[in-house]
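# Requesting a structural model of the entry that follows:
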Amino acid sequence: MQLTKSEEQVMKYLWKLEKGFMKDVLDCFPEPKPATTTVATLLKRMRDKGYVDYTTFGKSREYYPLIKKSDYFAKHVNGLIKNFFNDSASQFASFFTSETDLSTSELEDLRKIVDQQLKKKQQ
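Reported below is the predicted structural model:
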């Protein structure tokens with residue numbers, strides 16, 4: 001199950017914090033900060049979806065992510081490739097490199113990354 005935009009924002013703060021109480025999560029938000037009840041509802045839904053959990057200290061809960069940021073975004077990108085690019089990474093790469101405003105040096109950097117991955121797979 002995917003996260004909503006609001007849940008994803010809370011998740012980004014938790015990844016940054018690594019673990020935190022409600023106050024810590026709220027402190028991450030810019031002004032005007034959402035209501036505590038709103039964030040509590042988001043955290044509950046995220047826990048139900050299996051993305052976060054918490055440790056109880058008295059009446060307080062310290063929340064922490066159950067999924068790594070890299071794993072979440074890898075799953076997200078793989079879903080995008082499957083759903084919008086006929087499960088073709090090359091179609092995705094073609095779209096990405098032609099439809100985004102990448103500089104020559106950014107494209108060169110991408111080429112280096114691909115070359116490094118090719119070397120790893122050939123070993």
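
# longest single helix anywhere in the chain?
Determined from DSSP state H, the single longest helix within the chain is helix 104-122.

# Just the mean pLDDT for that one, thanks.
Confidence over helix 104-122 (mean pLDDT, whole number) is 87.

# And that helix, what does it pack against?
Contact partners of helix 104-122 among helices and strands, from 3 or more C-beta pairs under 8 Å, 6 or more residues apart in numbering; DSSP states H and E: none. C-beta here means a position set from N, CA and C on the backbone, and glycine is covered the same way.

# my read: residue 91 touches residue 82, true?
No - counting by C-beta atoms under 8 Å, residue 91 does not reach residue 82; the two are 11.0 Å apart.

# And what about residue 55, helix, strand or coil?
Secondary structure for residue 55, judged by DSSP: H, G, I helix; E, B strand; the rest coil, is strand.

# likewise residue 31?
With three-state DSSP as the basis, residue 31 sits in coil.

# what's around it, how many residues?
Neighbour count of residue 31, defined by other C-beta atoms under 10 Å: 4.

# For residue 76, see how far away residue 106 is.
Distance from residue 106 to residue 76, counting by C-beta to C-beta, to the nearest Å: 21 Å.

# Break this structure down into its structural domains.
Residue ranges for the domains of the chain, per automatic domain parsing: 5-65, 69-122.

# Of those domains, which shows the lowest average pLDDT?
domain 69-122 (a mean of 85).

# ok so, going back, point out the most buried one among the domains of the chain.
Of all the domains of the chain, domain 5-65 carries the top mean neighbour count, a mean of 15, counting by mean count of other C-beta atoms under 10 Å.

# thought residue 60 was touching residue 21?
Yes - if you go by C-beta under 8 Å, residue 60 and residue 21 touch, sitting 5.6 Å apart.

# Which stretches in this protein count as strands?
According to DSSP state E, the chain carries its strands in the segments 20-21, 52-57, 60-65.

# Turn the ones you listed into CSV, including distance to residue 117.
Formatted as CSV, the strands of the chain follow (distance: least, C-beta to C-beta, whole Å):
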stretch, distance to residue 117
strand 20-21, 35
strand 52-57, 31
strand 60-65, 27
